[in-house]
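> Need coordinates for the below:
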Amino acid sequence: MRRLVRRATVAGILLAAPGCGGGGGGTSPSPLPTPVETPSSFAYLQDVAAGTAVLSHYSAEVDAYRAEWSLASGGAALGRTQEGAAVKNHALRIGPLAPDTSYSYRLRSSAGTLVAEGRFNTPPPAGARAVTFAVIGDSGWPGGPEAQVAEAIRASQPAPELLLHAGDVVYPHGERENYRPYLFDPFARVLDHTAFFPSLGNHDLETENGQPWLEMFTTPANGLDRSERYYSFDWGDVHFLALDVVSTDFSPGSRQWAFADADLAAAAAAWKVVFLHRPPYSAGPSGGALDVRRELFPLFESRRVDAILAGHDHAYQRFVKRRGMEFVVTGGGGAPLDVVRDVPELKAFRSCFHFVRGRADATSLTLEAVEVPGVVFDTLVLRR
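As a prediction, this is how the structure comes out:
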C-alpha cells in the first residue's frame, strides 16, 4: 500500500512532529526535546580550516570587535586581531592555527565587553582519526522547531565537528532581519563550537538575490572567481564540495562547472561528498532537478563522487545507488513537512524533522538519519 505524508500546517508543526510518517524502518519517535536557553550573545564559526578560522557575529549596532585565541588546554593567548572598521556583520579571521587542535576564543567589543567565548576544533589531516559531521536543510521557518532540531544535534554523540546546510537557511524570503531569530538564536549552542558550512537555497535568494546570505556567511570561496556561493574543503578523510544550483551557472564549460571538475579531480581524500540545494532525484513535490542530473551527473560520475546531499523537499529520502553514487534528501530542518510518495527507487523515506549524522575515516563513511529528538531510522554504510 502506498502511503503519503502530507505537508504540516505552520500552526501544527510542533504537534505534528511526533506523528511523522514514512517508510524505511525506525521506531516511534519520542516527544521533541526542550531547547537549551539561547545565550545572550555568541559567535558562530565559519571557514574553519587546519590553519585559520573565522569568528562571526551579527550585532544590532555597528562596532569594531577584537578577538583573541589560545589553546583550549590553557595558557597565554596565542594571538589577537582587531577589526579595522565598525560594522554589524563581524567576521574576524584568527590564526595561525595547528591541525587537529582544540582552541578557545574570546570576542570583545571595542569597549572591551565580552561578546562571546567558546571552543572549537580544527580539522585533522587525512588518516589521523574518524571525523563526525551533521547535515540539515530547509530550516529557519517562523514558529518552526529549529531550536529542537538544534538541541538534537547538540546532544548527538559523538558531537559533530561541522554542520553542513543544504540550503533555504532562512524563510520566508531570506530576509536580513530573520537571520537572528530563525538561525542564530535557535542554533546558538551549536554554531558557537561547530564549524558551519552553508549552501544557497532558492528562498535565500528572494531578498536582493541572496545578498543577506552573502553578508552573514564567510565560505572558503576557493573557486575560480572567488565566489562565496560555491566552494570546497577537506575535513579529515572527506572532501566536501558545496555547489550553487539556484543562482550560478553550472552547465558544462561554466566557471562553476570548471571549478567542480578540477576540484574533484585533484581531491585526494578517501571520500568525496557534494552538497547542494535542489535534489537530482525526489519523490516529493519538486520531482527532482532534471538540469542537475543532465549537467552535473556525467561530471560526478567521472570524478567518482560517493554521495550527494540535497534539500529543497521537506522530508528525508534515500534513493537506490546510481552510477556509483548515493543520493540523500535531507530537508527536515524545520520548514513544514512535504508529501513523499513511496516509489520503488526509494530505499528509505520519512517525512519528519530530522538531521543526518555522518562519520568517516579512511575505510568507511556512515550516514545516519536521526529523527528529532534522537531516533536513528535509517543507516547507510559505505566501505573501501
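
> list the contacts for the nearest residue to A86 once chain neighbours are set aside?
Leaving aside its sequence neighbours, A86 sits nearest to V62 (CB to CB, 6 or more residues apart in numbering; 4.2 Å). Every C-beta, even on glycine, is put in place using the N, C-alpha and C of the backbone. Contacts for V62 (CB atoms under 8 Å, 6 or more residues apart in numbering) come out as A86, V87, K88.

> Which one of these is nearest to A128?
V87 (36.5 Å; CB to CB).

> beta partners for the closest one?
Beta bridges link V87 to D63, judged by DSSP bridges.

> Just to check, it is in contact with A64?
Yes: V87 lies in contact with A64 (CB atoms under 8 Å); the separation is 7.5 Å.

> Which one's more surrounded, the two?
Under the criterion of other CB atoms under 10 Å, the comparison of V87 against A64 puts V87 first, with 16 against 13.

> For the more buried one, report the pLDDT, please.
According to the prediction, V87 has pLDDT 95.

> again, but for F120
pLDDT, F120: 97.

> other SSEs contacting the helix or strand encompassing it?
Taking DSSP states H and E as the definition, F120 sits inside strand 114-121. Helices and strands touching strand 114-121, by 3 or more CB pairs under 8 Å, 6 or more residues apart in numbering; DSSP states H and E, are strand 53-63, strand 102-108.

> Dump the longest one to CSV, keeping only the CA atoms.
Taking Å, rounded to 0.1, in the frame of the first residue of the first chain, the C-alpha atoms of strand 53-63 are listed here in CSV:
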residue,chain,number,x,y,z
ALA,A,53,39.1,30.1,11.3
VAL,A,54,36.6,32.9,11.2
LEU,A,55,34.7,34.1,14.3
SER,A,56,31.4,35.7,13.1
HIS,A,57,28.8,37.7,14.9
TYR,A,58,25.8,39.8,13.8
SER,A,59,25.3,42.8,16.1
ALA,A,60,22.4,45.3,16.4
GLU,A,61,24.8,48.2,16.4
VAL,A,62,28.0,48.9,14.4
ASP,A,63,31.2,48.3,16.3
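
> for the record, mean pLDDT for that strand?
What strand 53-63 shows for mean pLDDT is 93.

> Please identify the buried residues of it?
Neighbour-count burial for strand 53-63 flags A53, V54, L55, S56, H57, Y58, S59, D63 (criterion: 16 or more other CB atoms under 10 Å).

> which two in those are spaced the farthest apart?
Using CB to CB, these span at most 20.6 Å, a distance reached by A53 and D63.

> domain assignment for the protein?
13-34+125-383, 49-121 (automatic domain parsing).

> is it possible to export the ones you listed to a markdown table including distance to S41?
Output for the domains of the chain, formatted as a markdown table (distance: least, CB to CB, whole Å):
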| stretch | distance to S41 |
| --- | --- |
| domain 13-34+125-383 | 9 |
| domain 49-121 | 5 |
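
> what's the most buried one of the ones you listed?
domain 13-34+125-383 (a mean of 20; mean count of other CB atoms under 10 Å).

> chain center to that domain: distance?
6 Å (CA atoms, centre = their mean, to the nearest Å).

> what residue is smack in the middle of the protein?
Centroid check for the chain by CA atoms, centre = their mean gives L164 as the closest residue, at 1.8 Å.

> Please give me every residue in contact with H203.
D168, V170, Y171, P172, H173, G174.

> Am I right that the last one is in contact with D204?
Yes: in this structure, G174 is within contact of D204 by CB under 8 Å, at 4.1 Å.

> which residues do the two both contact?
G210, P212, W213.

> Give me the three-state assignment for the nearest residue to the last one once chain neighbours are set aside.
The spatial neighbour of W213 that comes closest, neighbours along the chain excluded (CB to CB, 6+ apart), is D204 at 4.6 Å. Secondary structure state of D204, per DSSP: H, G, I helix; E, B strand; the rest coil, is helix.

> how close does D204 get to G287?
Between D204 and G287 the computed distance is 21 Å (CB to CB, to the nearest Å).

> returning to that earlier point: now render the helices and strands packed on strand 114-121 as JSON lines, adding distance to S247.
Putting those into JSON lines (distance: least, CB to CB, whole Å) gives the following:
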{"stretch": "strand 53-63", "distance to S247": "22"}
{"stretch": "strand 102-108", "distance to S247": "31"}
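
> so V54 bridges to which residues?
Here V54, judged by DSSP bridges, has bridge partners Q46, R93.

> residues touching the nearest residue to R108 once chain neighbours are set aside, list them.
In this structure, R108 finds its nearest non-sequential neighbour in R66, 5.3 Å apart by CB to CB, 6+ apart. Contacts for R66 (CB under 8 Å, 6+ apart) come out as R80, T81, Q82, E83, L92, L107, R108, S110.

> what do you get for A315?
Contacts of A315 (CB under 8 Å, 6+ apart): 5, 22, 284, 329, 331-332, 337-338, 340, 349-352.

> Any idea what the closest residue to it other than its chain neighbours is bridged to?
With sequence-adjacent residues excluded and distances taken as CB to CB, 6+ apart, A315 is closest to S351, at 4.1 Å. S351 has these beta-bridge partners by DSSP bridges: G21.

> A267 contacts H239, correct?
Yes: using CB under 8 Å, A267 is in contact with H239, at 4.0 Å.

> just to revisit the earlier point, ok, the contacts of R66 vs V376, which is closest?
Nearest member of the contacts of R66 to V376, counting by CB to CB, is L107, at 35.3 Å.

> unless I'm mixing things up, the closest one is touching L92, no?
Yes: counting by CB under 8 Å, L92 is a contact partner of L107 at 7.2 Å.

> Residues in a beta bridge with G358, which ones?
Taking DSSP bridges as the rule, G358 bridges to F133, L367.

> On the pLDDT front, check it for me.
For G358, the model assigns a pLDDT of 98.
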